[in-house]
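[1] Fold the following.
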Amino acid sequence: MQFHRMRHSKRASGSKAAPVTPKRMSIETGMMGNGHRRQLLEIVQAFQQFSRDTSEEEVVATFLKSAISMAKASRVRLIRNDGGNILVECEARRSQNNAIVVSHGRRPVESEGLFRNVFNSASLTYMPVFLGSTSFVQAQAWANPQTDTIDSPMLCVPVLLNEESKEILCLDTRSDTAPLDSTLVDHLTLLSAQAVMKRENLRLRARIALENRKIEEVEVALCANKRELAHMQRMSQTGSWRWRAATDTLEASSEFLRIYEISRERSIPSGKLINLTHPDDLPLVRIALVKAIAARRVFKLEFRIIVGFGEIKYVQVEGHPQTNDTEDLQYIGVTVDVTERRNAENALQAARAELARAHRLSTMGEMAASIVHEVYQPLTGIITNAEACLRWLSKSPAETARARDSARRVARDARRAADVFRGLRAVASNSGITKVPVDLDDAIREVAFLLQGELDRANIRLRLETAVAKPVLGDRTQIQQVLENLIRNSMDALLPVVGMQKSLFVNSASHDPAFAMVTVQDNGCGFGKHSAETLFDALFTTKPNGMGMGLKVCRSIVEAHGGLLQAERRERETVFRFTLPYIDGTSVNDIQN
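    Model prediction:
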């Protein structure tokens, strides 16, 4: 056996081969024969079939059928070097009736060493190799004729992909095989190049289809996640957003848009949201946002917005700063609609206030009934004995002794009535207060919580600052009664205020080492030209329907606790202050004993 490398340089499909022998040159320079025209027809038909093939197996089958028909070979094999293993990938052979049969399925190749040398040659020269004949005078023996034998001459044409030969088209010749000239090699090279392109196209389509399926799966999962997120945001009434400082616009979720009742927009100008903020809350919101953005820190706010046809909603907003590669400032955050919760809290506070009012009325009713009961008995005795005295005196002659006894009983019952009134006075005096340690800050917060619903309905912003160092000594209920009365007075003074934020400030702090001080300050209409001391006179009032007893009672309670209640008028402000004594060592010991 002889092994020859044909002079056939690597080139693009359809390029002409260099001349090798005089016979070959005569073929190429002469008129094209019928055999060559038949080969071109086979190529055209193969190209047409390639366009219809939809799988690699179909393309390989068309490739081998065209090659065996074009060369009139007895067998054509597509041999592959798979990581050093030389395998037959597909084979086409002629049957006894000259039909072409294609068989797929990888199997080991005979004479593996021979074909490994062929692959080595193809990887170095990209040239076709002819085995078993001396048809071409320029030849080089690469195979060992003593160890490698073949049944018939073979032509091996490299199948190139990206300048790499991992496959070889091997044709087994027979007696009527077409001339193995450069034209046949060119035609086979062109056919293999088209087959490779078609196979790569199918592989690329398969990869694209796989990627498209993955993308579709990801898109489906993403859409499902978006729907779930939107559903969860709707359930929790939480909208998400992203604010870009460069454009001063927001990108928001559907729930955010629903909360603000604005139409779907790709980007929302921040000014549009600012315009929906409640006028009373806008100054504080604007200041808080400016400070947070300037410092690039997290902000948490709760305020009111006005949407639709004047509906007021309460929202909680939280934003976190983000920066990208270009250092552009962005904020991502959430907005929660807490209107239902605030309404529920207001309803609860209103119910508690009504309950407290009912309790006070009940207590007053019980006290009134007790007073009536205690006073009614001696008054009844006075009336009865006075009438008896008159009857004894009206007789003729008058029974002065019995009349005198009746008069004495009248005096006795009158003294009993006086004792009852002295007892009631003692209850209202210092001796009637049960003093215990009181957490003043906690008492203030409790009153503020009780009145928060009424403050919200009146659009009054309450600010608390509690910083009392230690407990005070007194009656918690009476202290809260004073504080509630002062806050309600401020609320009444704030009702006529328009065009500005209604604010109420309650502060507790240490006045000196012995006393705590509570301050109630508002920016309401004040008490006019009246002096501060006039406010505490009995029956004096600045309200149309007032009784003029509230501040008088408050001062009495504070003074009964050993403190002082004062009022001060400032420009656009009214300030009430009262002091309460801290617990000293003696008082603590007395209480403990």
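[2] Poorly predicted segments of the stretch 151-300 of the chain, please.
    151, 175 (pLDDT under 70).
[3] Could you pull out the helices in it for me?
    Ranges of helices within the stretch 151-300 of the chain are 182-236, 254-260, 270-274, 282-295, based on DSSP state H, counting those that start in this stretch.
[4] Select, out of the ones you listed, the one closest to V497.
    V497 sits nearest to helix 282-295 of all these, at 14.7 Å, using Cβ to Cβ. (Each C-beta comes from the backbone N, C-alpha and C, glycine too.)
[5] And for that closest one, what's in contact with it?
    245, 274, 277, 298-299, 301, 303, 319, 321, 329, 331, 461, 501 (Cβ atoms under 8 Å, 6 or more residues apart in numbering).
[6] Put the buried members of the residues you listed into a PyMOL selection.
    With 16 or more other Cβ atoms under 10 Å as the criterion, this PyMOL line picks the buried residues out of those:
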select buried, resi 277+299+301+303+319+321+331
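[7] Could you export the contacts of helix 282-295 as JSON lines, including distance to R391?
    Shown next, in JSON lines, are the contacts of helix 282-295 (distance: Cβ to Cβ, whole Å):
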{"residue": "A245", "distance to R391": "99"}
{"residue": "I274", "distance to R391": "87"}
{"residue": "T277", "distance to R391": "82"}
{"residue": "V298", "distance to R391": "90"}
{"residue": "F299", "distance to R391": "87"}
{"residue": "L301", "distance to R391": "82"}
{"residue": "F303", "distance to R391": "79"}
{"residue": "G319", "distance to R391": "90"}
{"residue": "P321", "distance to R391": "96"}
{"residue": "L329", "distance to R391": "100"}
{"residue": "Y331", "distance to R391": "94"}
{"residue": "R461", "distance to R391": "71"}
{"residue": "Q501", "distance to R391": "74"}
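[8] What is the nearest of the contacts of helix 282-295 to M127?
    Closest to M127, out of all of those and judged by Cβ to Cβ, is L329, at 65.4 Å.
[9] how does the chain divide into domains?
    3-205, 237-337, 347-428, 436-592 (automatic domain parsing).
[10] Centre of the chain to stretch 568-587, how far?
    47 Å (Cα atoms, centre = their mean, to the nearest Å).
[11] how about that stretch as CSV, C-alpha atoms only?
    Extracted as CSV, the C-alpha positions of stretch 568-587 are listed here (Å, rounded to 0.1, in the frame of the first residue of the first chain):
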residue,chain,number,x,y,z
GLU,A,568,-47.7,83.8,79.7
ARG,A,569,-48.7,85.6,76.5
ARG,A,570,-46.2,86.0,73.6
GLU,A,571,-46.5,87.1,70.1
ARG,A,572,-48.6,84.5,68.3
GLU,A,573,-48.1,82.1,71.2
THR,A,574,-49.7,81.2,74.5
VAL,A,575,-47.7,79.4,77.2
PHE,A,576,-49.0,77.7,80.4
ARG,A,577,-46.5,76.3,82.9
PHE,A,578,-47.0,74.4,86.1
THR,A,579,-44.6,72.9,88.6
LEU,A,580,-44.8,69.8,90.8
PRO,A,581,-42.5,68.8,93.6
TYR,A,582,-40.1,65.8,93.3
ILE,A,583,-40.2,63.2,96.0
ASP,A,584,-37.9,64.1,98.8
GLY,A,585,-36.4,61.6,101.3
THR,A,586,-39.1,62.2,104.0
SER,A,587,-41.9,61.7,101.6
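[12] For that stretch, which outside residues touch it?
    With Cβ under 8 Å, 6+ apart, stretch 568-587 has contacts from 435, 437, 440, 470-474, 479, 482, 486, 489-490, 493, 511, 513-524, 526-527, 532, 554, 558, 561-567, 591.
[13] Mind listing what's buried along it?
    R569, T574, V575, F576, R577, F578, T579, L580, P581, Y582, I583.
[14] What mean pLDDT does that stretch get?
    Average pLDDT, stretch 568-587: 78.
[15] Show me which positions of stretch 479-490 end up buried.
    Applying 16+ other Cβ under 10 Å to stretch 479-490 flags I479, Q480, Q481, V482, L483, E484, N485, L486, I487, N489, S490 as buried.
[16] now swap in stretch 446-461 and tell me
    V447, A448, L450, L451, Q452, G453, E454, L455, D456, N459, I460.
[17] Identify the bridge partners of the last one.
    Listed beta-bridge partners, I460: K502 (assigned using DSSP bridges).
[18] Show the contacting residues for the most centrally placed residue in the chain.
    Centroid check for the chain by Cα atoms, centre = their mean gives S240 as the closest residue, at 5.1 Å. S240 is in contact with Q233, A252, S253, E255, F256, I332, G333, V334, T335, counting by Cβ under 8 Å, 6+ apart.
[19] For the strand ranked longest in the chain, which strands pair with it and how are they oriented?
    Criterion DSSP state E: the longest strand present in the chain is strand 311-323. Using DSSP bridges, strand 311-323 pairs in its sheet with strand 299-307 (antiparallel), strand 329-337 (antiparallel).
[20] Would you show me how to pick out the buried ones of the contacts of stretch 568-587 in PyMOL?
    Buried members of the contacts of stretch 568-587, defined by 16+ other Cβ under 10 Å, are picked up in PyMOL with:
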select buried, resi 435+437+440+471+472+473+474+479+482+486+489+490+493+511+515+516+517+518+519+520+521+522+523+524+526+527+554+558+561+562+563+565+567
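[21] Let's see which of the contacts of stretch 568-587 end up in helices.
    Using DSSP state H, the subset of the contacts of stretch 568-587 located in helices is L440, I479, V482, L486, N489, S490, A493, C554, V558, I591.
[22] In contact with the fourth one, which residues are there?
    Each residue near L486 by Cβ under 8 Å, 6+ apart is listed here: V520, C554, F576, F578.
[23] In contact with M70, which residues are there?
    Contacts of M70 (Cβ under 8 Å, 6+ apart): R38, Q39, E42, I43, A178, L184, H187, L188, L191.
[24] make that T434, sorry
    Shown in contact with T434 (Cβ under 8 Å, 6+ apart): D475.
[25] how much space is there between it and L564?
    Separation of T434 from L564 (Cβ to Cβ, to the nearest Å) stands at 21 Å.
[26] Return stretch 312-323 as CSV; C-alpha atoms alone will do.
    Taking Å, rounded to 0.1, in the frame of the first residue of the first chain, the C-alpha atoms of stretch 312-323 are listed here in CSV:
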residue,chain,number,x,y,z
ILE,A,312,-56.9,62.5,53.0
LYS,A,313,-54.6,59.5,53.3
TYR,A,314,-51.9,58.8,55.9
VAL,A,315,-48.6,57.4,54.4
GLN,A,316,-45.4,56.2,55.8
VAL,A,317,-42.3,56.7,53.6
GLU,A,318,-38.9,55.1,54.0
GLY,A,319,-36.0,55.8,51.6
HIS,A,320,-32.4,54.4,51.4
PRO,A,321,-29.6,56.2,49.4
GLN,A,322,-27.9,54.3,46.5
THR,A,323,-25.0,55.3,44.2
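[27] Give the rounded mean pLDDT of that stretch.
    Mean predicted confidence for stretch 312-323 is 92.
[28] thought N459 was touching K502?
    Yes - counting by Cβ atoms under 8 Å, K502 is a contact partner of N459 at 5.9 Å.
[29] Need the overlap of contacts for these two.
    D280.
[30] doesn't V468 fall inside a strand?
    No - checked against DSSP: H, G, I helix; E, B strand; the rest coil, V468 lies outside a strand; its state is coil.
[31] check contacts around it.
    L440, D441, S508, A509, S510, A516.
[32] Of those residues, which is the nearest to L64?
    For the contacts of V468, the nearest to L64 is D441 (95.3 Å; Cβ to Cβ).
[33] what's the burial count for that closest one?
    For D441, the count of nearby residues is 19 (other Cβ atoms under 10 Å).
[34] Among the buried residues of stretch 446-461, give me the pair with the biggest separation.
    Largest pairwise distance in the buried residues of stretch 446-461, by Cβ to Cβ, is 19.5 Å, between V447 and N459.
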